[in-house]
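K.L.:
structure of the sequence below:
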Amino acid sequence: MIELDVPRGTRLLLLANEIRPNPTARDELVWAVAVYPGVSGGMVLMHGHLCSAEGDCARGWCFEARVLVAAIRANLNGAR
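P.N.:
A predicted model of the protein is given here:
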């Protein structure tokens with residue numbers, strides 16, 4: 001378990017190699033909905049939105065992937 005406080009709506013710039021699966025193989029700008037505490041291989045499950053901060057897709061989330069913890073921390077620490 002890991003403690004990451006990622007408030008809903010936090011904007012995260014994620015590089016292509018920090019997202020799995022990443023079928024588009026491109027960097028993504030994601031607005032966080034939920035980051036789950038279970039860590040596997042340095043990654044956590046994340047739900048978010050690619051469409052907008054408000055979730056224009058009218059669903060609970062439109063992004064689901066495992067994301068590197070280091071990438072989330074870099075965003076939260078202002079490195080991105």
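K.L.:
tell me the secondary structure at residue 17.
P.N.:
Three-state call for residue 17 (DSSP: H, G, I helix; E, B strand; the rest coil): helix.
K.L.:
quick check, pLDDT for it.
P.N.:
Confidence at residue 17, expressed as pLDDT, is 97.
K.L.:
so how far is residue 29 from residue 41?
P.N.:
24 Å (C-beta to C-beta, to the nearest Å). C-beta here means a position set from N, CA and C on the backbone, and glycine is covered the same way.
K.L.:
neighbour count winner among those two?
P.N.:
When neighbours are counted by other C-beta atoms under 10 Å, residue 41 and residue 29 differ, and residue 29 comes out ahead with 12 against 9.
K.L.:
the more buried one reaches residue 15, doesn't it?
P.N.:
No - Residue 29 lies out of contact with residue 15 (C-beta atoms under 8 Å); the separation is 10.9 Å.
K.L.:
what are the buried residues along the lowest-mean-pLDDT helix or strand in the chain?
P.N.:
Scoring the helices and strands of the chain by mean pLDDT, DSSP states H and E places strand 28-40 at the bottom, with a mean of 93. Buried residues in strand 28-40, counted by 16 or more other C-beta atoms under 10 Å: 28, 30, 31, 32, 33, 35.
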